[in-house]
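Colleague: starting from these lines, generate the structure:
(one chain, ligands or ions: 1)
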Amino acid sequence: MNKHRTLFRIGLGHWTGLLLWALTATAAMADNPIAIAIHGGAGTIRQSDLSSAQEASIRADLEAAVKAGYAILEAGGSSTDAVLKAITLLEDSPNFNAGKGAVLNQEGNVELDASIMRGQDRNAGAIAGVFGVKNPILLAHKVMTDSEHVLLSGQGAETFARLRGIQFENADYFKTPYRIEQLKQLQASGQARTTPADGYPHAWFSTVGTVALDKRGSLAAGTSTGGTANKRWGRIGDSPIVGAGTYADDRYCAVSATGHGEFFIRAAVAHDICARVAYQQLTIQQAVEQVIKQDMVKMGGDGGVIAMAPNGELTMTFNTAGMYRAAIDTAGQLTVAIYADEQTR
Ligand code: ASP
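Modeller: Model (predicted):
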């Protein structure tokens, strides 16, 4: 009897200890700041380029995506899950150059790139030059969690997607009338791509990306794109390149980029920002200003980034006339903006 009582007491002590630990852990978690920022591409976005209906639809999509990601963080979900949620919503919207509505390559096909990185262990997954995958960010995530590789491309990535039960859609799902018309105009004018420098009307990028900080203090970043319009020869931009278009390290920062990918690869933009925070002890804002507003401008690389520090401080900075962007900061404050003269951070 006594023995049973002792065992019962030990058991009770064990469970009380566990309960106390769980309560303390939850309380500590509840105190940690959460924040999220998203972009839907940078470029020469002028108010005159968008009808008020288009603008309203883009703003509504940005707001829905940032709120959906934030809801995951609020519920105690991981920053990786928040990134996946926000990006899949943007991929499903025809308003952005990712998933449905992505730009067309020279053959008139949608060829998709994406990457995701979690700051906790710097694990990452990416895919490039993939056809038919409805949500490329989910495939990039599978590469991270369910393969021994970081970057898969083309047919191999598609085979991997099928093995992992990733959803495919037929070509018509992705191609919007706007992109078909855009390609026609580009090819008629003999231009190889859509960049602001080309002077092509509606010359902006509209790749999508997200950075987030969860209650455990962990950062994540992700980016998804169709690349640049009228691209050829299996061209791959910065978006699926870890360190160029996407980077996350819990100690320093999380970054997702949009812009003229060739320049962002050459300058290793996402990693460079984090390295400046690490080695020069710059704030995230200072590091981003140096890279995007100085270095990239000198090189001629149009674009921008969203970036977040481990304390949730965030910046949405670009060297173009606009960037589709939205954020919910550590104070729970929502921002949705398109043009440069709209006050954000
Ligand atoms: N950075 C992307 C690329 O070069 C384009 C974009 O941002 O829209 O593929």
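Colleague: and Gly303, its phi and psi?
Modeller: phi 150, psi -160 (degrees, to the nearest 10).
Colleague: shaky segments in the stretch 101-250 of the chain?
Modeller: 190-204 (pLDDT under 70).
Colleague: which residues in it form helices?
Modeller: Assigned helices in the stretch 101-250 of the chain, in chain order: 136-146, 154-163, 171-174, 177-188 (criterion: DSSP state H, counting those that start in this stretch).
Colleague: can I get those in JSON lines with distance to the ligand and mean neighbour count?
Modeller: For the C-beta atoms, the positions are set from N, CA and C on the backbone; glycine is no exception. Formatted as JSON lines, the helices of the stretch 101-250 of the chain follow (distance: least, C-beta to the nearest ligand atom, whole Å; neighbours: other C-beta atoms under 10 Å):
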{"stretch": "helix 136-146", "distance to the ligand": "12", "mean neighbour count": "24"}
{"stretch": "helix 154-163", "distance to the ligand": "16", "mean neighbour count": "16"}
{"stretch": "helix 171-174", "distance to the ligand": "15", "mean neighbour count": "14"}
{"stretch": "helix 177-188", "distance to the ligand": "13", "mean neighbour count": "15"}
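Colleague: relative to Ile72, how far out is Pro94?
Modeller: Relative to Ile72, Pro94 is positioned 24 Å away (criterion: C-beta to C-beta, to the nearest Å).
Colleague: out of the two, which sits in the more crowded spot?
Modeller: Shown here are Pro94 and Ile72; by other C-beta atoms under 10 Å, Ile72 has more neighbours (22 against 16).
Colleague: which SSE is that one in?
Modeller: helix 52-74 (DSSP states H and E).
Colleague: send me that helix as CSV with only the CA atoms.
Modeller: Output for helix 52-74, consisting of C-alpha atoms alone and laid out as CSV, is shown next (Å, rounded to 0.1, in the frame of the first residue of the first chain):
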residue,chain,number,x,y,z
SER,A,52,-8.6,51.3,-59.4
ALA,A,53,-10.2,47.9,-59.6
GLN,A,54,-6.8,46.2,-60.2
GLU,A,55,-5.3,48.2,-57.4
ALA,A,56,-8.1,47.3,-55.0
SER,A,57,-7.8,43.7,-55.9
ILE,A,58,-4.0,43.7,-55.4
ARG,A,59,-4.3,45.4,-52.0
ALA,A,60,-7.0,43.0,-50.9
ASP,A,61,-4.8,40.0,-51.8
LEU,A,62,-1.8,41.4,-50.0
GLU,A,63,-3.9,42.1,-46.9
ALA,A,64,-5.5,38.6,-46.9
ALA,A,65,-2.1,36.9,-47.3
VAL,A,66,-0.4,38.9,-44.5
LYS,A,67,-3.3,38.4,-42.2
ALA,A,68,-3.5,34.6,-42.9
GLY,A,69,0.2,34.3,-42.1
TYR,A,70,-0.1,36.4,-39.0
ALA,A,71,-3.0,34.2,-37.8
ILE,A,72,-0.7,31.2,-37.8
LEU,A,73,1.9,33.0,-35.8
GLU,A,74,-0.7,34.3,-33.3
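Colleague: give me the residues contacting it.
Modeller: Residues outside helix 52-74 that contact it (C-beta atoms under 8 Å, 6 or more residues apart in numbering): 34-38, 40, 47, 50, 78-79, 81-83, 85-87, 89-90, 93, 95-96, 210, 212-215, 324-328, 334, 336, 338.
Colleague: thought Ala220 was touching Thr80, still the case?
Modeller: Yes. Taking C-beta atoms under 8 Å as the contact criterion, Thr80 and Ala220 are neighbours in contact, 4.5 Å apart.
Colleague: so how far is Leu183 from the residue of the stretch 101-250 of the chain found nearest the ligand?
Modeller: For the stretch 101-250 of the chain, the residue positioned closest to the ligand under C-beta to the nearest ligand atom is Gly237, at a distance of 2.3 Å. Using C-beta to C-beta, we find Gly237 at a distance of 17 Å from Leu183.
Colleague: next: Thr330.
Modeller: Following C-beta to C-beta, the distance that separates Thr330 from Leu183 is 42 Å.
Colleague: who touches the nearest residue to the residue of the stretch 101-250 of the chain closest to the ligand once chain neighbours are set aside in this structure?
Modeller: Of all residues beyond its chain neighbours, the one nearest Gly237 is Gly261 (2.6 Å), with distances taken as C-beta to C-beta, 6 or more residues apart in numbering. Taking C-beta under 8 Å, 6+ apart as the definition of contact, the neighbours of Gly261 are Gly227, Thr228, Ile236, Gly237, Asp238, Ser239, Ala244, Gly245.
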